[in-house]
Each structure stands twice: as structure tokens, then as C-alpha cells.
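Enquirer: Sequence unavailable; structure follows:
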């Protein structure tokens, strides 16, 4: 069958190439239209209880997607006309940015910033900066008055830094423009914040700090642009290595060209599917390229072997096509289905990544297994090539011969002993692996990045908590003036306040108590919820709706819980505390639901990642096992291919635990992708082993033969790709650096396992159970 | 004891019985639960302080009672307090017998210096908080609160009855603090510029009118026999003739003042909102005002160990310098960092 396919392909090689050329031109047109794109919602686990709640109340809850801009005086404090003028300018600029919910813009200059003065006659509420005061003709007396009002109004630590050296502007972001229904371009807004706010206002006297999801994703995208240069660097490194390996320009260009072609197709498909290139997913094209190179090197390896054996290009290309179509397709189909399983994780970001990777790998079957041999059949090799190749092969063969000794019984047993010990160690150590983010600030960016530095300054200056869990409390209508409900929430708030890991709680009853004291001359002895209905109406009625503590009808009264950090253990403890209170203190007409805020989202994401990781890997392994069984109809093949992979996976866990790389949206796919790459290696080696065993050669010699044919290419590609991804360690993006480290490790671990544990297992299995009765090797097409 | 309290006690014992029989938990309102044991009790709002012999006892929000046996260096929470309401006032007779009052008309009693408390009174539907309590001896005492509420017991709190007739016709004034004056008199600092004095241990009262229309939040009798009353917006008045004549004292602050104490060396400290701490070296004739850097409200003050004062307020209990001239420089903070 393969023979017939081979004849078909090579008889029509001209026509096939022309068709592929036209296809590439069309796809190239679409690929060029691909743009970077990022969204908040994509990273959320859909269908999770907390996220459902989050979406349900997104409209009603202010502050879930907020931008914070801080203007800081480098010298002195903010109480001078120059600073306040600057702040007014900044407030105006923020007001006119796209995507800003103008109702929510808040700074000292906005009319929603008020202060309350308690006098013998009662309470007086006034603007902190009166409507008649303008930034242009601000007097020193007015500055003094503003300062006094800010202090009395309790705005220090909120809109003004605790040390009076900085002031804040906050605004909510609208994901979709309510008028045009257009999606907000986050990267554009981030760039505008940089140019129109920081660029215009930052100078020798003032520093500007910006915080919020929009800036975070913008800075990640900026960092991701550097990915192109890392891509280029990895590309050049790979090219140099392939040249060194193949000793031929033609054979260097071939795999790189074919791999790039499929990346172009992949970009086009991403665009046609309506996706953008997400910063978090930008690594996928590189990975697909890497897989392509690894398959391409197998092709040139076989072609070289044929050429140096005296064959012409056509014969060599045909032999390569014939020899690699089965193991190559099998490996790629395994990758494809393996990546495809990522779609099962209900996080759109990971699903998108899975689809992108699947499409890319599918194209590889055409570009690497068909296009490459066809192109090779046109190539002419100079006579010197054979000699050059011969010399470099000699060197490699010597190394391979040494490696081949593993397939001797004694060495095989020792190897397995070492592997088993390491596996046991890895299983133990991987228990210490973390879920979610471990480090302060935004984990995608490095601690020393501008964004994380800004975050640190703002947290220090304003005593602000950045890690927020919003618990949704659904109540009967008008519950803010119902004593029993308010008291229930009051107790719930205090219960949460007493949970370790909680810094502070903001809720309607907490504020209502303070307001009740304010209505009673400010006397702290009145800091209690009044049972008197009118007093309660007065207390809650004075809380502005913009505080986000209840909605218009008082059917929603959230608890805003600020946590000390966003480590998985902290999040778990706080979430457990909420659930515990809900279970032990039922209250008629009150429904407590988790959860919004970045911690709520993180809680859901962590839960989904933790829950899906194991099933995910089980699916991938099940698919690999199924494919191996279908192909070889031999249980030994299953063990030989899968056990080394499992070991590599656990070594990866150990590595994550040791380097404090948490399981998160960025790293879960890496582990799945790594299994896909590892299986390629196993298939190539095991396949040749089978071929030679079928020829009746003893297993030790068969393995050495397999090493000569595919094994050395496996070792070579793994090292090449590891060097390529190792350069990511220098990326400005922390998650890329982490992914790079993890991938480098996984490339090498998978390769080492494929050339050591795999043959050792095969040898020991044969020793214990005798040689397999009939070796089924479908590649024996000749 | 009121009938309501009886009903509630019965309801409580029914719950206790259910618990003994391992029946499903009895649904109870939070107000019926014991104060929660909290690591944050000494950092949450505290409103009043009293001495029980060598022990210092503070009360505040959530039914918190905090105890210190080492002059305020370390604090622990009382073992059992049968309420979660905000407690506002506290009085000890000797080292063991004490009474605390608070919102929902709650009156608590302890016989062991503050560790275990029992509920003597509660009147939720009155919607009137009690604000201050004073005992003449181990059996007779008075509790006062909002809207002219005044209660008297003659049996150590086993039963309380309303006292009418404080003030001439205007009974709805908040009675903010009751305290002993000189020569066996009794004073109440009250709303709308009113101070009441009783010369017969609280059986009859007369209005005194310091020249101020705002509310008085508290008062203090000095060891020299002068009386100070203080309240809203930094107003302090002093009398040496039981309120016949008043002298307005320049306080140096516009913050409302609610608590005061006299230190061992005769100096007087008054505390208030916005982190205001006032010191007087001359028995309250003149004051020097300082502002705590956190500007959080302070409701009560007591002398602590090591020359420190203990400040009770929005951030729980904090220690502060006792304001001796050498230490005053550091205690004094500018009202706001100047340009």
C-alpha cells in the first residue's frame, strides 16, 4: 500500500509541488493579516461555578477590571499647585481614553470624591475639590483647603499616598463598548496609556505608575514581541546545527524551509478561525517548528544514508518517504490527538492553544513527510558531499556505538535500576509541586519588570491590597435596610476577617457601622448596626452606589476580601472558610456564591487546572497506547514506548517543584506538548528496532542499528532544540522563561529516556519473556 | 428580670438540650452566640477600659472583652462572653465584680475579674444602646444610654428597672457617660451641651449648662477635685465648684474627644477622634495637643506599664508615649506633612 502511495506521489511530484506552492501563496496572504490579540475572558475557565457567578455579575460589580494610575512627586509632596495641576491633566486624559467607563473615573478632581464634616448641627458633605476650583488658577489657600478635606475625608491611603507623595486615579474598563458593541482593543489602550499618560506626564519631577489588567496584558504583549527575536535566534542556532549535522546546504535548507511553510499555513488558519495571536500562545508556532525540524532531520538522515550508499536523489527520497511515512505519521497523529485533548480543558486560552497546535502538527504530515522528500528528489549532491558525510558519520557512529552498549543485558539492568530509583525519587519530590502563582506581582512578568515595580510602589505607598476575592451575596430585595440580613453579613464579614491569609474585608455592614457612628456625631460608640429601621436606612443610604457594596435594588451585597497573596494555599484556605460559613450558617433569603476578583478567578483556574491535569495526561497516554497497540499489536511496544515517557513526565514534575514553577495556564500545555515530543523520539527508535528484530538480528545489534539510523538524529534534534528553547530563559516574560526552562528539560529528559530506558526495557522484556513470537512491523513495505 | 429575657433563656436551654441529645443544630441568631474567639480581638474596635485590681480590661465591637495582667504588654480575650453586640461601657467594683453594657441594651456581669461573663439584661426591640455604667458598691448601680435611658439595680444586676426624671422634661437626650464627681456627687456627660449632676447618688438630677451647645462625650474628676467635661470638636470645660461656673479650656484640637484618664503623677490625658491625644501638666487648666500618625479614632485611655499610655480605639489597643516633656517631641506629629 505504501509502495502504491509512493509511486503516486513521486509520479505527480511536479503537480503536487505546484499545488503546494499556490496553497502557500494564498495562506501567506492570510498569515500576514494575523495580529497580536489578548483578552481577559479567554483565560477564565468557562463553566466553572465561580466564573459563572463572575460573568453573571460582571455588569453589576464595579472594579473587576480596573486601571489604576498613580502620579508620584519625585521630590517633596503633592500639596502644591503644580502637582494638583498635573493630576487634573492626568484625570482629563484618562477620561477621554477609549474603553474607560467614564462614570467610574475617580481622583481628587472628580465630583464623586467627597468628604464629610461632622458639626454640632449635623453632617455636611462636600466635594473635596469644589466645582468652582479650576486647575489653572489654583491658589495656595485652596491647596491647603484641599489637603485638609482629603485628610478629614479619609482619602489618605486611598486616593492619596499614605506619605502624601503620590495621588491616584482609578477607572473601570469596559470590555465591550456599550454603544458600538465593539470589543475593546486592550493592546491599543495599553499603548495609549503608555504614550498619552506616561509619555506625556512623566518627567524629571513626576513619575507615573500604571496598574491593571490592561497594562499587564499590554506589557506581556510587548515582551512577546521579543519572542520574534528569540524565534530568529533559535532558528539560526537550529540552522547552524543542522548544517553541521548534514554537511550540506541543501539538506539544511530543506527541513527549515518545510517547517517554516507549515508555520505560515498555521498562521493563516489561526487568522481564518478568527483568533488572534495571543501572547500566551505565541510559543506554539515555535514548538510546531521544532517538531517539524525534528521530523525533517529524520528525513535528511535517511536521505544522507541512501546517498552515501550510492543511491541517486530520487531513490534516496523515495526510500526516505517510504521508511518514515508510518513512524512519522504515527508520531504526528499522536501529537495531533494529544494536543487536541487540550480542547477538553474548559479554559478558552488553552483550547485555542490546543487547536493552534493541532492544526500546525496536522500540516506537518504534508510538509515534512510528503513535501520534503519530493523537494529532496529534485536536489543534486556534489561528489564531495558523500565524503564529508562519511567523515562526520564516523564520529557520530563512534558515540552511538558506546551508547549501544546499553542494549546489553547487564547494562540494561543497571540502567533500569537507576531509572527506577530516579522515578521513585521524582514521584516523591513532585508532591511539593505548586499550583498557580507563587510570586508577588504579576507572574507572567519578571519581578524587576516595570509593571511589577509599579505594583510594588503602589502597594507600598497606598497600603493597597491587589489580591481580591469578591464573594457574591444574593439577597431579597431591599436587604440593605433589613437588619437581620445586614447582621448576617456583618458576622460573615468578621468570620472572613478572622481567616488566616485575609488582610481586610470590605462589606456593606462594615461601612454602614462607620456611617452610623458618623450620623451620631462621629461617636465611635455608635459603630454598630442600628436595629432601628430609619437609622439603618440612613446608614446604608449614605453609602454611594459607586462603592460597589450593593446594587440598586439591594439584591446583591458582595463581600470584598483582600488576601495577603495569591498563593494556591492561601486561596484554598480562604475559599474553604467561605464554604464553611455557608454550610454552617444558612440564612433565609441569602445565597452566598463564589466568586469574583482576581483571587476568585485564580481559585477557579487553579481548581480546573488541578482537576484536569491528571485526566488530561491519562487521555494523552491512552491515545498513545491505543496507537502503539494498533500499530505493533504487541504489549511490549506499549511498555517500551510509554514507560520512559512516564518517567520523563515525573522528572518534569520534580523539575517544576525544584525550580518553583507552578502548574498554571502557561505550564499545563507544556507538559502535554512535551509528552507529544517524547513520543516522537520513542516511535522513531522503537520502529527501527522492530524492523531489525524482524530481520532476525539479536536485540543488542538491532538497537545499535536503530541508533545508527534514527537514534543519532533523535539525540541531535533534542540537543539542538533544547539549545534553541534554552535561549528563552533570557526572555522579558517570566512565563516564557519558565516554559523555556521546562521545555529544555523535557526535550533532554525525553531524549535521554528514549535512548536509555527504552532499549533497556526492550532488552529486559525479551530476556524475561523470550523473543516475541511474530514481530509485526508495518514499515516492512519493501 | 424582664419576661423577654426569661423566654430567651428558655430558648437557649432548649438549644443546649438539643446539643446534648446530638440533635441537628438549633438555628440561632448570631446575637445569641458567644463572642467569637479572635486573634484580632485586641486589634478590632475597643471603646472603653477599666481596672479590675491590677488587671486592665477593655471592651468593644463583636462582644470583645480583652484582658491584660502585665500592664498592657500582652492581651488575651475573655473566655466566655454571651453576646456579639458592640460593648460600650465597663465598670469594676474591686478586682472581681464587673459590669459591661452595650448595644441592644445588653448588660453583662462578671464575678471573676472579666474572664467569664453572664447576660443580665437584653432589650433588642427597644432599639436603644446603653453607653455607660457606674456602680456605687457591689449591689447598687446605674446604667445610662441613648434617648435618656437610665436603669438602676439594687441587687447586683439581677434585676434592672428604669429610672425616670433625669433632666427637666427633655428625657430623650443621649446620656453619654456617667462618672463619679468630687464630694460624693455623680455626673453625666450628655447630648446638646448638657451635663447633669446628682448630689444624692443618682436619685435626683439637676441640669448644669456649660456654655456650649454641642454634645459632651465624657468627663473626668481629677485628684484635686476639679471636673473636666469634653466632647465634640475639641471642646473642653473645667469646673472647680461642681459645675456652678465653667471655664472653657483651649484644647488645641478640633477633633471630638471621648476618653480621659489621670496618670499616677497627676498629669491628665484626653483622647479623641483623628488620633488626638492631649496632655495636661496642670490638672487640666491647659493642654498640649498631639496627633497620632495613623489619625485613627481613639475612644479611651489608661495608664500602662513602662511609662506608656494605652490607647483604645479603631485599631484596638495601642501603646503610646505618656507625653513627658522629653518624650513629647516624638509624640507630637505635625498635623500633616508640610510642603
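Expert: Cool, the structure landed. Small disclaimer: the values here were computed from a predicted structure and weren't measured.
Enquirer: use CA for all of it now, contacts and neighbours both
Expert: Noted.
Enquirer: Can you classify residue B:152 as helix, strand or coil?
Expert: On the three-state scheme (DSSP: H, G, I helix; E, B strand; the rest coil), residue B:152 is labelled strand.
Enquirer: Can you pull up the residues of the stretch 401-550 of chain A that come close to chain B?
Expert: A:487-488, A:491, A:498, A:521-525, A:527-528, A:530-532 (Cα under 8 Å from any Cα of the partner chain).
Enquirer: Low-confidence stretches in chain A?
Expert: Where chain A drops to pLDDT under 70, the residues are A:38-40, A:59, A:61-64, A:279, A:546, A:772-782.
Enquirer: what does it have sitting close to chain B?
Expert: Residues of chain A lying near chain B (Cα under 8 Å from any Cα): A:76-80, A:119-120, A:163-164, A:487-488, A:491, A:498, A:521-525, A:527-528, A:530-532.
Enquirer: And the buried ones among the residues you listed, selectable in ChimeraX?
Expert: Here is the ChimeraX selection string for the buried members of the residues of chain A next to chain B, based on 16 or more other Cα atoms under 10 Å in any protein chain shown:
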select /A:77,78,79,80,164,487,488,491,498,521,522,523,524,525,527,528,530,531,532
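Enquirer: which residues does residue A:154 contact?
Expert: residue A:115 (Cα atoms under 8 Å, 6 or more residues apart in numbering or on different chains).
Enquirer: ok, now how distant is it from residue A:250?
Expert: To residue A:250, residue A:154 is 73 Å away according to Cα to Cα, to the nearest Å.
Enquirer: would you list the residues of the stretch 401-550 of chain A next to chain B in JSON lines and tack on secondary structure?
Expert: Below are these laid out as JSON lines (three-state DSSP):
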{"residue": "A:487", "secondary structure": "helix"}
{"residue": "A:488", "secondary structure": "helix"}
{"residue": "A:491", "secondary structure": "helix"}
{"residue": "A:498", "secondary structure": "coil"}
{"residue": "A:521", "secondary structure": "coil"}
{"residue": "A:522", "secondary structure": "coil"}
{"residue": "A:523", "secondary structure": "coil"}
{"residue": "A:524", "secondary structure": "helix"}
{"residue": "A:525", "secondary structure": "helix"}
{"residue": "A:527", "secondary structure": "coil"}
{"residue": "A:528", "secondary structure": "coil"}
{"residue": "A:530", "secondary structure": "coil"}
{"residue": "A:531", "secondary structure": "coil"}
{"residue": "A:532", "secondary structure": "coil"}
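Enquirer: which bits of chain B sit near chain A?
Expert: B:30, B:38-40, B:47, B:61, B:85-86, B:88, B:103, B:124-125, B:127, B:131, B:213-215, B:232-233, B:256, B:258, B:297, B:299, B:313-314, B:337, B:339.
Enquirer: how about a cut-off of 7 Å?
Expert: Contact residues (Cα under 7 Å from any Cα of the partner chain) of chain B with chain A: B:38, B:47, B:86, B:88, B:127, B:214, B:299, B:339.
Enquirer: which of those sit farthest apart?
Expert: The span of the residues of chain B next to chain A, defined through Cα to Cα, is set by B:127 and B:339 at 47.9 Å.
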